[in-house]
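Enquirer: next comes the sequence, and after it the predicted model I'd like to discuss.
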2 protein chains.
Amino acid sequence: MVNQEDPRVLRTRELIQAAFRDLLRRKGFDAITIKDIAQKATINRATFYAHFEDKYALLDEVTELAFDAMIPEQVTHAQAFTDDICDRLILATHQYIVDFYRNCRMDSHSMATLVDEKIKKMLQQTIARIFLKGDFPQREDRHHIEIMAAMTGSAIYGAAHYWLNVEEKDRTDVLADLVRPYVMNGLGLYRNGDA
Amino acid sequence: MVNQEDPRVLRTRELIQAAFRDLLRRKGFDAITIKDIAQKATINRATFYAHFEDKYALLDEVTELAFDAMIPEQVTHAQAFTDDICDRLILATHQYIVDFYRNCRMDSHSMATLVDEKIKKMLQQTIARIFLKGDFPQREDRHHIEIMAAMTGSAIYGAAHYWLNVEEKDRTDVLADLVRPYVMNGLGLYRNGDA
DNA sequence: GGATGATCGTCGCATAGGCAACACATGGTA
DNA sequence: TACCATGTGTTGCCTATGCGACGATCATCC
């Protein structure tokens, strides 16, 4: 395979990703061909396959990069899962979903599913990483941590997604006020005692 | 040398030109090094030399492309040097100079001189081409055509340049009304008889 | 004067990318 | 059915680009 440090490789991958993001704004995922991507990226079609197995792998990477960019500094370096960190995760997730649905034509169910799964997985990993760094209860039990992270990530994602169709969808503070107590209580971490 | 049709070549040249245009907005021509250009273009310094002899050759090409883009369709395909064509050339030249001085830090006398010469030359060539297509007086005399084109191009450029420091610099219509009769009379082409 | 550092322009070698062709799958259509 | 067009992955060969090094030039500083 190619050397991931070579500047030509970095540039080509960036070109492919940019072309793909651009195409997603114009046509549905299913309608995008490798030829389309290669043309817009000004690379050869064969070169695409030197970098990505197929367009699904490309979607996966683009999604990962985009969501990573949404996660605030404070969350990435959080030492404990606090109310503040929880809020930031809720808002970042919600914002990501809003941007995603605004920018991409959603005529492809397969893409929506793939992105859903990807984001949920990243949320869970992010949360689990914070749990492991902090003084989380049953910190030694790996399974316990993972399942708590899975539930928390799913809850946040589910709520953020649901909020798309709510009347007061601009009141993300309301969203956070609903999700935070639920999650923190579920984790046994709520300290403000209003649950 | 490299094959000018290869898509890698086209892309690399475009990257170099874009990087150079961008750098010209931030620092003076003299202060720009080949290393700067290569870094911003995400190419290797040695690759630069496969495409341009030095930064002067690059400036020449970038200037040519930019001025070409300013010349209206009607002028490019003009069959005769009419009042209208003359006006369009005056305004395009003036607009080019305005953009140029607005976008580039003019701490380099050498660059200003090079661009001046380049634009004047392109103007003259454009005008000579129109003369050759139309029913220009003494059409058979190549020298006559060339020198008329040279004077016309120089006059237009000189006036457009001078107009930068005029109080009513926004009244480009006034500029055109001053230059057009002068040029057209000089060429013996003025038909409206107000000279 | 000499030392130092930055840039220039060029070289040979290693590697990523372009090209043309291939077999294969899919879907429309005569 | 057979046919044609279009998209997918893959391959071998060739070319453009990246890299590291080189000597040369120039400016700065001691």
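Expert: It's in.
Enquirer: contacts for the host helix or strand of residue A:176?
Expert: Assessed by DSSP states H and E, residue A:176 sits inside helix A:172-187. With contact meaning Cβ atoms under 8 Å, 6 or more residues apart in numbering or on different chains, helix A:172-187 is reached by A:81, A:83, A:86-87, A:90-91, A:94, A:148, A:151-152, A:155-156, A:159-160, A:163, A:168, A:190-191, A:194-195. The C-beta positions use only the backbone N, C-alpha and C, and glycine is treated the same way.
Enquirer: now it: buried residues?
Expert: By 16 or more other Cβ atoms under 10 Å in any protein chain shown, the buried positions in helix A:172-187 come out as A:172, A:175, A:176, A:179, A:180, A:181, A:182, A:183, A:184, A:187.
Enquirer: tell me the pLDDT of the fourth one.
Expert: Just to be clear, that refers to residue A:179. The model reports residue A:179 with a pLDDT of 95.
Enquirer: same question, the second one
Expert: In the predicted model, residue A:175 carries a pLDDT score of 96.
Enquirer: is residue A:42 in a helix, a strand, or coil?
Expert: coil (DSSP: H, G, I helix; E, B strand; the rest coil).
Enquirer: list the contacts of it.
Expert: A:15, B:7, B:10, B:11.
Enquirer: separation between the residue nearest the centre of chain A and residue B:56?
Expert: Taking Cα atoms, centre = their mean as the criterion, residue A:119 is the residue nearest the geometric centre of chain A, at 3.3 Å. Counting by Cβ to Cβ, to the nearest Å, the gap from residue A:119 to residue B:56 is 51 Å.
Enquirer: about what we covered before: separation between the residue nearest to the centre of chain A and residue B:151?
Expert: Relative to residue B:151, residue A:119 is positioned 68 Å away (Cβ to Cβ).
Enquirer: repeat for residue A:111
Expert: 64 Å.
Enquirer: for residue A:3, same thing?
Expert: For residue A:3, the distance to residue B:151 equals 59 Å [Cβ to Cβ].
Enquirer: so between the two, which is more surrounded?
Expert: Per other Cβ atoms under 10 Å in any protein chain shown, whichever of residue A:3 and residue B:151 has more neighbours is residue B:151, with 15 against 8.
Enquirer: so how far is the helix or strand hosting residue A:118 off the chain centroid?
Expert: For residue A:118, the host element (DSSP H and E) is helix A:109-133. Mean-position distance between helix A:109-133 and its chain equals 6 Å (Cα atoms, centre = their mean, to the nearest Å).
Enquirer: tilt between that helix and helix A:172-187?
Expert: Relative orientation of helix A:109-133 and helix A:172-187, computed by axes from the mean of the first three to the mean of the last three Cα atoms, to 10 degrees: 60 degrees.
Enquirer: touching DNA strand C at all, helix A:109-133?
Expert: No - figure legend: helix A:109-133 not in contact with DNA strand C (Cβ under 7 Å from any atom of the strand); closest approach 13.5 Å.
Enquirer: quick one: average confidence on whatever helix or strand comes next after that helix?
Expert: As assigned by DSSP H and E, the chain's next helix or strand after helix A:109-133 is helix A:142-162. Across helix A:142-162, pLDDT averages out at 93.
Enquirer: go on, stretch A:91-109?
Expert: In this model, stretch A:91-109 has a mean pLDDT of 89.
Enquirer: do the same with stretch A:38-52
Expert: 97.
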